[in-house]
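J.: quick one, structure for this:
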Amino acid sequence: MTDLDLPFSRVAIRVGALVFCGDEVALIRRDRPSGSHYTPPGGGVHPGEDLLTALRRELTEELHLAPDDATQPELCWIQDQMVTRPGPTPSPRKLHLVFRCQVMPEVRASLATVEYDDLPDGSIELGIIEWVPYRQLQHLPLFPLIGAVVSALASPDAPTGNPYLPPITDDNYSWRV
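T.: Next up, the predicted model:
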């Protein structure tokens, strides 16, 4: 057994964005047998890839959002994840970098309404793009665990304060498959 076979010995970086249009934010809803859950659009950073390049790539892939059609992404929150997940491979440690940007209503009208995620077994999982009032995020099964801090914002463009959020661990989260 090598160090890479141990849980959390690999570190992955995920970039995601809360794409606001007025008081609503785009989230990807995935419906599973255990229930629905939500994530901000985004994904993993490729080796050697710049963080903003990765974010723009993911927003283009998932929302069909062209980089020039949104405001400059602003890094708002960082959350460290060390959660044991189901499956045969060791759970990675993941750093979630959550950005925020704004789009105009005419851009929103042109964005994707569904997103298809390729799964390791070769199948595809459907995600529904849902626009949700940002103050309701605290009531959703949202991952990473940003719902409370987003809902507490005075406005969609309000200062966010300390970007470091409490870590996600087996003590405060369990995977829903």
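
J.: only C-alpha atoms from now on, for both contacts and neighbour counts.
T.: Will do.

J.: any weak-confidence spans in this protein?
T.: The chain contains residues with pLDDT under 70 at 1-6, 175-177.

J.: residue boundaries of the helices in it?
T.: Taking DSSP state H to define them, one finds helices in the chain at 51-63, 105-108, 147-151.

J.: out of those helices, which gets nearest to residue 13?
T.: helix 51-63 (8.9 Å; Cα to Cα).

J.: picking that back up, ok, which of the helices of the chain comes nearest residue 95?
T.: Using Cα to Cα, the helices of the chain put helix 51-63 closest to residue 95, at 12.0 Å.

J.: residue 51: how many residues sit nearby?
T.: 16 (other Cα atoms under 10 Å).

J.: which residues sit in contact with the residue nearest the centre of the chain?
T.: Most central in the chain under Cα atoms, centre = their mean is residue 40, positioned 3.4 Å from the mean C-alpha point. Going by Cα atoms under 8 Å, 6 or more residues apart in numbering, residue 40 touches 16, 17, 18, 26, 27, 28, 143.

J.: may I see the PyMOL selection of the buried members of the residues you listed?
T.: Only the buried entries of those go into this PyMOL selection, using 16 or more other Cα atoms under 10 Å:
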select buried, resi 16+17+18+26+27+28
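
J.: among the contacts of residue 40, which pair sits farthest apart?
T.: 26 and 143 (13.4 Å).

J.: residue 136: neighbour count?
T.: By other Cα under 10 Å, neighbour count at residue 136 equals 14.

J.: isn't it right up against residue 151?
T.: Yes - in this structure, residue 136 is within contact of residue 151 by Cα atoms under 8 Å, at 6.3 Å.

J.: ok, which stretches of the protein are strands?
T.: Listed in chain order, the strands of the chain (DSSP state E) span 11-21, 24-32, 35-39, 42-44, 74-82, 93-102, 114-118, 124-133, 168-169.

J.: out of those strands, flag the one nearest residue 64.
T.: Nearest to residue 64, of the strands of the chain and by Cα to Cα, is strand 114-118 at 9.5 Å.

J.: list the buried ones in that closest one?
T.: residue 115.

J.: report the angle between it and strand 124-133.
T.: 140 degrees (axes from the mean of the first three to the mean of the last three Cα atoms, to 10 degrees).

J.: let's see strand 114-118 as PDB, backbone CA atoms only.
T.: Listed next in PDB are the C-alpha coordinates belonging to strand 114-118 (Å, rounded to 0.1, in the frame of the first residue of the first chain):
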ATOM      1  CA  VAL A 114     -29.900  20.600 -18.700                       C
ATOM      2  CA  GLU A 115     -26.400  19.300 -18.200                       C
ATOM      3  CA  TYR A 116     -25.000  15.800 -18.800                       C
ATOM      4  CA  ASP A 117     -22.300  14.400 -16.600                       C
ATOM      5  CA  ASP A 118     -20.200  11.600 -17.800                       C
END
